[in-house]
Structure formats: structure tokens, C-alpha cells
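Visitor: Pasting the sequence and the predicted model now:
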Amino acid sequence: MKRTFVLIAAISMFFGCETKTIKDAYVVEGTAKEVYNGIRIYLNNVDQRGRLTPIDTAMVMNESFTFEGALKYPKVVYLTMNSVPGRYPVMLENGEMQMTIDKTNLQNTIVTGSESHDNYMAFAEKYRENQKELMAQGKEYNKALYGKDSLVIKTELEKLEKLTESAKEFPYEFMENHPNDFVSLEIYEMQTQLRERDDQRMIDIFNAFDESLKTSSKGIRLNAAMMKMKLDYEANKKLQIGMKAPEFSGPNPEGKTISLSEVIKKGKVTVVDFWAAWCGPCRKENPNVVRIYNEYHDKGLEIIGVSLDGQSRQKDPKQAWLDAIEEDKLTWHQVSNLKYFSDPIAKTYNIQAIPATYILDSEGNIVAKNLRGPALDMKIRELLEL
């Protein structure tokens, strides 16, 4: 259930005027108690690799410091200080802001005077709270599974499903309710990094953003990401939830051809699992899939694994595939053309990264995608009505 996110935020675009006023520039008055004179404090940009580049520097004198500058658009920066580890995200905007630094822990920094920063902090706090509740409930659900009390399992599962849905909805609802707030643009960027997201909803949300967001530098960049998302969505309509899963067939380890349709006929729920012997995350997830299969196979669960082994650096792709099946104790159906991402099945399902899963109902309709860990367990139990 863990999921780690770097949360950043920004504010709605300022309105400029010809004469210089406080709205044309930012002034950050800071306090740094018990910090020696001459210590430098920085506001930094951060690139996609996490590297920091200072954009403004202030020197502490008499436990005080001041940042001054101007922005075209609100901007997320990271506060750092000499000899103090860590960094603290601050949404910088034109106007007057106040900052109090705790030299022992930058995470205790207090920023006031910015409604947008307040919105960011409120979002971040609620997000962290959601994740904390999810992890705690996930542990309760796992305890229930090991206890094998069906009534307790059902109760804890319902709680987990409710929390999961609430946590999933929160970022979408925030953006929908704040189309004029740059915080929404930052959340949008965060959501684009998720593999399992509602692309149509993301497209609608971006289109509803205020023009000030869309025409900012970040908005222009995210517009390109949204357009790619739109093209991918259109190209993958046949793979959306609710659609019939495309039929495929492939050779199993013994060379016998196995088709998806014949696997579907054997059970009530079918998981199509794209993986490979060389894929670390796949191998790490396999014990969880083995546990789920062993738990629910007799109740109607079927799995067909599609291996994307066959990359050039593998000396013997087939042997690597066979060894992984044996080592990980994968006792369900397995097929592979040993053609890496050029596998025709992978192309049919537009697989760009693994692990990737499709969960199908008894009719072969797609009901969920890319679920792992407790989320996969929850969906299987729901479909099997346990």
C-alpha cells in the first residue's frame, strides 16, 4: 500500500500592472533563531533528477534574513541552509511572505502570508493522512487474512476498499474544485506519474483549468503531456475497463499453444500477468501473486502469465524463463514468444512497462488493471464474492 510521492504546489497567476507594486515582486522576511551571522540560506529550483540549483540567496544577520525578487508565474522552490541537512518545499509567489526556520529540522519551517502555500500544506497533510490510514488498514486486512475468519476478512476488506477509493479520489476532487489554483497544476503533474490513473478524467480536468494555469510554463509543458495522454487513450480504447479483453494465444514451456479464451472458460476470474525473469519488480511481486493464486484458485481464480523474456543480453531466454517459473513457484498457465517487448501479445495489449496486469471477469471483460499487493487481493475477493 506504500506509495511515496514528492508533493509540490503553486498559486494562481498574479495580475501585473505598469507601476511597480508589491504584486510585481516577492519579499520574504525570515527569522532564523540561534543561527550564526553569515550562514547562507537558499531558494532552489529542482530538476527532474532531483538536483538543486540556487535561484536566490540570503545571508543571516542578527537571526534575520530577506529574499527579494520577481516571478512571472508562481513557482515551487526548495529551501536549504548551509550545514543543515534536508530541504523544504515552498511555493514562492509575488507578494509579502514570512518564514520561520528551525535550524534543527527544516521540515519544521513555518511559512505565512501565502494562501496558496496554505492550500498546499492542507493538501499535503490530508494526502499524508490518507496514506497513513491506508497503510494501517492494510495491516489490519493482512492480519485478518492470516486469521482466516471470513467475517472479519469481509469487514476489514470493506474498510480498506472505502479508504482506497477515498484516497484515490482526493487528488481528482481537489483539482476539480480548484481549477484556478496553481496547487491543482502541481497535483496534476504528480498524477501524470501514476500508471493507474483515469486518463479521460485527467483530460477533462486539464481542459477545465483556468487559462492562467494553462499558459504558465508548467501548464504548457503539462498540456503536451495531456495531449499525449489523449492520443494514448484513443489508441487504447479497446483496453479500457469495461471492454472485452483481446484474444491471444502463445506457446507454453512445453510448446503447446494456450489461448486466453480457454483459460477464461476454466474460472470465474482471470488475471493476465505480463512479467519476465529479468524484471526485478515482477519477481518481487510474484510471492504475493503465488499466495493469492493458492488462496483463490479452488474458488475460481485463473492466471495466465505472459513472459517478455527474450532481450538481447539474455544468453538463454527460454532457460531463464523456465528457471524463474520454478524458482518463484508459478504453477499457473504460462506462455511466451520470447521476443521481449516485440512479443505480439505485448503489442496487442500495448505493454510499455512491466509488471502489468489485466483482471477479467467470467465473460472476459476487463474490470481492473495494474493491481498489485493488497489491491489485487481485494479485487479478486470482490469478483469471487467472498
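Guide: Looks like it arrived, so ask away. Keep in mind that this is a model prediction, so the values were computed, not measured.

Visitor: for the protein, what are the low-confidence residue spans?
Guide: 1-23 (pLDDT under 70).

Visitor: Can you spell out the domain ranges of it, please?
Guide: By the assignment in automatic domain parsing, the chain contains the domains 22-113, 117-239, 249-383.

Visitor: all strands for the stretch 151-300 of the chain, in order.
Guide: 249-251, 257-259, 269-275 (DSSP state E, counting those that start in this stretch).

Visitor: Quick one: neighbours of residue 332, just the number.
Guide: 18 (other Cβ atoms under 10 Å). From N, CA and C alone the C-beta is placed, and that goes for glycine too.

Visitor: so how far is residue 69 from it?
Guide: Counting by Cβ to Cβ, to the nearest Å, the gap from residue 332 to residue 69 is 60 Å.

Visitor: Buried ones in the longest helix along the chain, by neighbour count?
Guide: In the chain, taking DSSP state H as the definition, the longest helix is helix 115-147. By 16 or more other Cβ atoms under 10 Å, the buried positions in helix 115-147 come out as 116-121, 123-124, 127, 130-131, 133-134, 137-138, 141-142, 144-145.

Visitor: What of stretch 237-256?
Guide: In stretch 237-256, counting by 16+ other Cβ under 10 Å, buried: 239, 245, 246, 248, 250.

Visitor: and the residues you listed as JSON lines, adding distance to residue 326?
Guide: Shown next, in JSON lines, are the buried residues of stretch 237-256 (distance: Cβ to Cβ, whole Å):
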{"residue": "239", "distance to residue 326": "31"}
{"residue": "245", "distance to residue 326": "28"}
{"residue": "246", "distance to residue 326": "29"}
{"residue": "248", "distance to residue 326": "24"}
{"residue": "250", "distance to residue 326": "19"}
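
Visitor: closest to residue 380 among those residues?
Guide: Nearest to residue 380 among the buried residues of stretch 237-256: residue 245, at 16.1 Å, using Cβ to Cβ.

Visitor: List the residues that contact the closest one.
Guide: 260, 272, 358, 360, 364, 365, 366 (Cβ atoms under 8 Å, 6 or more residues apart in numbering).

Visitor: one more time with 10 Å, if that's ok
Guide: 238-239, 260-261, 264, 270, 272, 348-349, 358-361, 363-367 (Cβ atoms under 10 Å, 6 or more residues apart in numbering).

Visitor: same question, residue 30
Guide: By Cβ under 10 Å, 6+ apart, residue 30 lies in contact with 41, 58, 60, 63-67, 79, 97-101, 109, 111.

Visitor: and if we set it to 8 Å?
Guide: Here residue 30 is in contact with 41, 58, 64, 65, 66, 67, 98, 99, 100, 101 (criterion: Cβ under 8 Å, 6+ apart).

Visitor: Next, the buried residues of the one helix or strand the fifth one maps to.
Guide: Residue 66 is part of strand 64-69 when elements are defined by DSSP states H and E. Of the residues in strand 64-69, those with enough neighbours to count as buried (16+ other Cβ under 10 Å) are 65, 67.

Visitor: Begin at 26, not 1, for the rest of this chat.
Guide: Renumbered: residue one is now 26, and that last one reads strand 89-94.

Visitor: CA atoms only for that strand, dumped as PDB, please.
Guide: This file holds the C-alpha atoms of strand 89-94, laid out as PDB (Å, rounded to 0.1, in the frame of the first residue of the first chain):
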ATOM      1  CA  SER A  89      17.100  37.500  10.300                       C
ATOM      2  CA  PHE A  90      17.200  37.300   6.500                       C
ATOM      3  CA  THR A  91      15.400  38.500   3.500                       C
ATOM      4  CA  PHE A  92      14.700  37.200   0.000                       C
ATOM      5  CA  GLU A  93      13.700  39.600  -2.700                       C
ATOM      6  CA  GLY A  94      13.000  39.000  -6.400                       C
END
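
Visitor: could you point out which element follows that strand?
Guide: Using DSSP H and E, the helix or strand that follows strand 89-94 in sequence is strand 100-106.

Visitor: Show me what that following strand is packed against.
Guide: On a contact count with 3 or more Cβ pairs under 8 Å, 6 or more residues apart in numbering; DSSP states H and E, strand 100-106 meets strand 65-71, strand 77-84, strand 109-117, strand 120-126.

Visitor: Can you check which of these gets nearest to residue 182?
Guide: strand 109-117 (35.4 Å).

Visitor: Just give the strands next to the closest one in its sheet, each with its orientation.
Guide: Next to strand 109-117 in the sheet, as set by DSSP bridges, lie strand 100-106 (antiparallel).

Visitor: Dump the strand it pairs with to CSV, restricted to CA.
Guide: Extracted C-alpha coordinates of strand 100-106, given in CSV (Å, rounded to 0.1, in the frame of the first residue of the first chain):
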residue,chain,number,x,y,z
LYS,A,100,7.0,28.8,-8.6
VAL,A,101,7.8,25.9,-6.4
VAL,A,102,11.2,26.2,-4.8
TYR,A,103,13.1,24.3,-2.2
LEU,A,104,14.6,25.9,0.9
THR,A,105,18.1,24.8,2.0
MET,A,106,20.6,26.1,4.5
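
Visitor: How far away from the center of its chain is it?
Guide: 23 Å (Cα atoms, centre = their mean, to the nearest Å).

Visitor: Counting neighbours, what do you get for the nearest residue to residue 226 once chain neighbours are set aside?
Guide: Of all residues not flanking residue 226 in the chain, residue 197 sits nearest, at 6.1 Å (Cβ to Cβ, 6 or more residues apart in numbering). Neighbour count for residue 197, taken as other Cβ under 10 Å: 18.

Visitor: so who does residue 197 touch?
Guide: Neighbouring residues of residue 197 by Cβ under 8 Å, 6+ apart: 216, 223, 226, 230.
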